[in-house]
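>>> please find the sequence and the predicted model below.
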Amino acid sequence: MSVELFSIDCTTCQAKLIVRDLSAIGQILACPKCASMVQIVPPANWTAQPATTEPIADTASASVPTTSDSDISRNTQPDFDPAAATATEPMAAGAADPIETPTAAWESPLESQTRRVVEIAFGSIAAVAIVVLVGIMGWNAFRAPDEPEVAVAETAKSASAAERSTDNSTEAAVDSTEENTPVPDLQPKVESQQDPANVDEQVQIPALPVEAVQPLNDNVENAAEQAPPADVVDPAPAAENTVPLASKGVADAQGTETADPKTLSPNSNPESATPDEVLSADEHVDNPLLVEEPAVRRFPNPGDENGSFQDQLVERIAFRVEQIELPGVKPRAFVELMIDMTALPIAFDLDALSPRQIAALPALEVKKQDVSIAELMSETLTKAGYTYLTEANGLIVTTRSSASNKLKRYRYPTDDLRGDGPDAPAQFAQLLRRLVAPHSWEATPDARIEIVDGELWIEQTSDVHAQLVAFCERLRLARGLPLKSRFSRDRFALMPASIEHASRLEPEITFTFIEPAALRQVVQHLETETGLAIYVDWPSLKAEGFTPRTEIACSIVAEPLGQALTSITRPLGLAWRMVDDRTIEIFGRERAESQLVVAFYDLREALREGVAPPTALAQIRQSVIEAGNLGATSRWSDDGGSGEIYFDMASRYAAVLQTHAAHAIIERCVVDLSSAGH
């Protein structure tokens with residue numbers, strides 16, 4: 001029988017522990033109740049006394065103290081036996097547990113207190129979140145019926161301001177309202193907002209589905225009242241459910257009334273929209289909440305400045321800068337800085353300037369005091385060999401020779417390109433007049449082509465001379481002949497870049513600007529994502545109601561680059577082209593449907609597949625005719641337009657004079673012809 005020596009209290013759970021073995025004194029053992037470590041120290045007035053023990057059987061029950069019933073009633077605390085505390089052998093079946101051990105549900109007072117603190121903290125946070133959520137829902141329900149459109153605009157504006165502080169864009173903008181943060185989204189959509197620096201008169205907003213811009217009420221019936229279905233059966237005028245997506249350029253040309261940028265009401269003249277610009281009748285419109293949002297949307301500018309754009313342009317380039325110092329800046333970066341400083345539409349003339357040359361120019365040193373913007377641009381661009389022109393919708397950076405209208409006379413050696421007959425020089429001269437800047441020959445009285453001793457002498461502006469040289473050299477490349485100009489082969493792209501470098505447009509991209517962001521910021525993000533240089537013809541976008549600060553919101557999910565560019569630009573009434581293997585240009589619809597350019601198309605593969613040359617040319621012509629709505633200039637010359645097509649039998653290439661909009665159609669047609677037999 002073991003004898004009680006003394007008792008101690010566990011410092012953690014305060015349990016009273018009885019010590020029955022002298023060997024435990026001085027040790028640090030685990031409390032049998034809470035498992036905390038306790039040092040066995042006898043009381044100060046305790047002295048050791050001999051203990052009498054009896055042999056006990058080797059059973060698990062031998063660990064139980066043999067105390068009387070009266071002892072048990074006086075002390076219900078477990079004995080503290082060092083042997084039992086450190087034992088690892090299993091107990092015999094049916095034996096009683098010699099000491100009280102903590103259960104799985106038991107916890108110490110400290111743990112219990114910690115748990116209560118954590119529960120109170122989480123409960124408080126949840127209560128605050130519920131109160132805030134209920135308040136927001138109540139506020140939305142209160143204000144939605146009165147002014148839904150204005151509320152949406154204010155919400156987008158405040159959300160945009162909240163995100164600007166965390167913007168990761170590479171844009172170094174002067175006006176902080178340009179910045180916004182892209183937020184991932186799974187629904188492909190693009191929306192836009194005109195920029196606050198639009199300095200021309202109020203512009204037409206491409207009409208949007210009403211349900212896409214009004215707040216979505218939790219009550220489906222109320223939402224249906226706010227957003228009528230967009231079902232279109234026929235182009236009946238003044239129908240609320242007709243939602244044209246026409247661009248501002250087309251709407252203005254047809255005399256439609258400018259839309260109110262705050263209400264975004266449907267266009268009252270749906271006949272002005274083309275079939276692909278009107279929501280089709282087979283869309284899901286039973287529930288307005290389920291209508292798919294358009295690919296691109298654009299919001300109105302917060303406000304336009306008074307006065308004509310030309311007056312404001314003159315005023316801004318006359319603004320004087322007290323001091324500016326740029327230790328080393330590339331020409332393109334300098335132009336971007338001028339856009340920031342002036343909020344003016346400025347663009348490079350990529351028909352006269354090679355993007356490769358722009359990128360290869362050395363950095364410029366700029367250090368000026370008390371200088372106007374006009375003087376600053378002129379002096380800095382002159383160092384790069386450039387200048388700028390003031391046009392109706394902005395400034396164009398170009399070469400000094402292209403900016404001059406002075407006529408120059410040059411001899412063109414064409415004996416390798418024309419036949420040997422006596423009429424060959426005159427026939428080739430007529431081909432040049434048909435395909436190269438045809439309107440310039442009539443517009444410039446002294447422009448002419450003379451034949452002297454069988455040689456062509458051409459008097460034209462420097463800009464047209466550049467086009468003539470390019471045509472002749474590309475024809476030589478198509479025929480496999482050596483070039484005769486001083487320019488390198490890289491300057492003359494034979495095939496359209498979007499066909500020759502189609503692989504650059506195939507990688508899929510995904511990005512989202514769910515909150516309105518400046519169009520210029522979106523373009524810079526595209527440059528970062530694709531590694532391509534993306535130039536924007538801001539003056540041509542100005543004609544469509546856009547400026548660098550126009551805001552859009554967009555979401556592109558796993559789309560090939562070429563398709564993504566179309567998804568963004570087409571609904572906005574814009575266009576794009578591939579200039580070379582590393583450069584994209586975005587420009588306005590008016591330019592896309594009016595500017596004539598010559599492109600060479602390789603028909604050798606199509607002809608090898610058994611397609612006769614007249615058949616191939618007829619299909620090219622027909623593809624443009626069937627496309628329709630490409631502008632009057634895109635019509636073929638025999639149909640009142642300016643389009644021309646010439647088949648070169650020697651090279652089996654077709655030289656086509658057409659607008660950018662028509663060339664986009666022709667490129668697809670030629671690809672289809674070439675792959676018809678595969």
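Here it is on my side, so go on.
>>> is the residue lying closest to His663 once chain neighbours are set aside in a bridge, and if so with what?
Among residues not flanking His663 along the chain, Ala599 sits closest, at 5.5 Å (CB to CB, 6 or more residues apart in numbering). C-betas here are computed from N, CA, C, even on glycine. Beta-bridge pairing for Ala599 (DSSP bridges): Val656.
>>> count of neighbours near Ala599?
A count of neighbours around Ala599, defined by other CB atoms under 10 Å, yields 22.
>>> again, but for the one 10 residues further on
Burial of Glu609 is recorded as 14 neighbouring residues (other CB under 10 Å).
>>> pLDDT score for it?
Glu609 is assigned a pLDDT of 76 by the prediction.
>>> relative to Ser674, how far out is it?
The gap separating Glu609 from Ser674 is 8 Å, by CB to CB, to the nearest Å.
>>> check contacts around the residue nearest to His663.
For Ala599, the contact set (CB atoms under 8 Å, 6 or more residues apart in numbering) comprises 495-496, 655-656, 658, 663, 666.
>>> and Thr390, by the same measure?
Taking CB under 8 Å, 6+ apart, we find Thr390 in contact with 313, 317.
>>> would you say it is within a strand?
Yes. Per DSSP: H, G, I helix; E, B strand; the rest coil, Thr390 lies within a strand segment.
>>> beta partners for it?
Leu395.
>>> in ChimeraX, how would I select just the buried ones from the contacts of Ala599?
To isolate the buried subset of these in ChimeraX, counting by 16 or more other CB atoms under 10 Å, use the following:
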select :495,496,655,656,658,663,666
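>>> among the contacts of Ala599, which are located in helices?
Taking DSSP state H, the ones among those that sit in helices are 663, 666.
>>> next, format the contacts of Ala599 as CSV and append distance to Val134.
Output for the contacts of Ala599, formatted as CSV (distance: CB to CB, whole Å):
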residue, distance to Val134
Met495, 63
Pro496, 59
Ala655, 70
Val656, 65
Gln658, 61
His663, 58
Ile666, 60
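>>> of the contacts of Ala599, which pair is most distant in space?
Met495 and Gln658 (14.9 Å; CB to CB).
>>> show me the shaky parts of the protein.
The model of the chain has pLDDT under 70 over residues 1-2, 49-112, 138-307, 676-678.
>>> rerun that using 80 as the cut-off
1-4, 35, 44-119, 121-122, 131, 133-307, 609, 676-678 (pLDDT under 80).
>>> ok, and what's touching stretch 391-404?
309-310, 313, 317, 331, 335, 344-349, 352-353, 377, 381, 385-389, 461-463, 466, 538-540, 542-543.
>>> cool, stretch 36-44 as well?
The set of residues external to stretch 36-44 that reach it, using CB under 8 Å, 6+ apart, is 5-6, 8, 10-13, 17, 19, 24-31, 80, 82, 108.
>>> and those, which of them are buried?
So, by 16+ other CB under 10 Å, the buried ones in the contacts of stretch 36-44 are 5-6, 8, 10, 12-13, 17, 19, 24-25, 29, 31, 80, 82, 108.
>>> now intersect the residues you listed with the strands, please.
6, 8, 17, 19, 29, 80 (DSSP state E).
>>> quick check, nearest of the residues you listed to Thr550?
Comparing these against Thr550 with CB to CB places Leu29 closest, at 77.7 Å.
>>> tell me the one of the contacts of Ala599 nearest Ile620?
Minimum distance to Ile620 across the contacts of Ala599 is 5.7 Å, recorded for Ile666 (CB to CB).
>>> show me the contacts for the closest one.
For Ile666, the contact set (CB under 8 Å, 6+ apart) comprises 599, 601, 620, 623-624, 656, 658.
>>> from the residues you listed, which single one is nearest Asp446?
Gln658 (27.6 Å).
>>> which residues touch the closest one?
596-597, 599, 624, 634, 643-644, 666 are the contacts of Gln658 under CB under 8 Å, 6+ apart.
>>> what about it, distance to Asp602?
Taken as CB to CB, the span from Gln658 to Asp602 is 16 Å.
>>> please apply the same query to Leu337.
On the measure of CB to CB, Leu337 and Asp602 end up 41 Å apart.
>>> got it, and Ala447?
Separation of Ala447 from Asp602 (CB to CB): 31 Å.
>>> before we move on, what about Arg418?
22 Å.
>>> now Arg116
To Asp602, Arg116 is 80 Å away according to CB to CB.
>>> so for those two, which sits in the more crowded spot?
Between Arg116 and Asp602, Asp602 has the larger neighbour count (other CB under 10 Å), namely 18 against 10.
>>> my read is that the more buried one contacts Leu477, right?
No. Look at Asp602 against Leu477 with CB atoms under 8 Å: they stay out of range, at 11.0 Å.
>>> what do these two both touch?
With CB under 8 Å, 6+ apart, Asp602 and Leu477 have common neighbours Leu494.
>>> of the contacts of Ile666, which is the nearest to Leu431?
Nearest to Leu431 out of the contacts of Ile666 is Val656 (CB to CB; 13.1 Å).
>>> so who does that closest one touch?
598-601, 620, 643-646, 663, 666.
>>> could you export the residues you listed as TSV, including distance to Gln39?
TSV is the format used below for these (distance: CB to CB, whole Å):
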residue	distance to Gln39
Val598	98
Ala599	94
Phe600	96
Tyr601	95
Ile620	98
Gly643	101
Glu644	104
Ile645	103
Tyr646	105
His663	92
Ile666	94
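>>> highest neighbour count among those residues?
Highest count within the contacts of Val656 by other CB under 10 Å belongs to Tyr601, 26 neighbours.
>>> wasn't Glu644 part of a strand?
Yes. According to three-state DSSP, Glu644 belongs to a strand.
>>> tally of neighbours for the residue nearest to it when sequence neighbours are not counted?
Once flanking residues are discounted, Glu644 sits nearest to Leu657: 4.2 Å by CB to CB, 6+ apart. Counted by other CB under 10 Å, the residues lying close to Leu657 total 23.
>>> please tell me I have it right and Leu657 contacts Ser642.
Yes. With contact defined as CB under 8 Å, Leu657 and Ser642 form a contacting pair (7.1 Å).
>>> between the two, which contacts overlap?
With CB under 8 Å, 6+ apart as the test, Leu657 and Ser642 both reach 438, 596.
>>> buried residues of the helix or strand hosting Gln563, list them for me.
Here Gln563, judged by DSSP states H and E, is contained in helix 561-569. Neighbour-count burial for helix 561-569, counted by 16+ other CB under 10 Å, picks out 561-562, 564-569.
>>> any chance of the residues you listed in TSV, plus distance to Leu630?
Output for the buried residues of helix 561-569, formatted as TSV (distance: CB to CB, whole Å):
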residue	distance to Leu630
Leu561	24
Gly562	19
Ala564	22
Leu565	18
Thr566	15
Ser567	20
Ile568	20
Thr569	15
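>>> nearest to Thr510 among these?
The closest of these, once distances to Thr510 are taken by CB to CB, is Ala564, at 8.9 Å.
>>> where's the closest one relative to Leu572, distance?
Taking CB to CB, one finds Ala564 at 13 Å from Leu572.
>>> quick revisit: looking at the contacts of Gln658, which is nearest His525?
The closest of those, once distances to His525 are taken by CB to CB, is Val597, at 28.6 Å.
>>> phi first, then psi, for Thr530.
Backbone torsions of Thr530, given as degrees, to the nearest 10, read phi -100, psi -20.
>>> for His660, that is, sorry about that
Backbone geometry at His660, expressed as degrees, to the nearest 10, gives phi -60, psi -40.
>>> wait, it sits on Val597?
Yes. Using CB under 8 Å, His660 makes contact with Val597 at a distance of 6.7 Å.
>>> between these two, which one's more packed in?
Shown here are His660 and Val597; by other CB under 10 Å, His660 has more neighbours (22 against 16).
>>> surely Ile514 forms part of a strand?
Yes. Per three-state DSSP, Ile514 lies within a strand segment.
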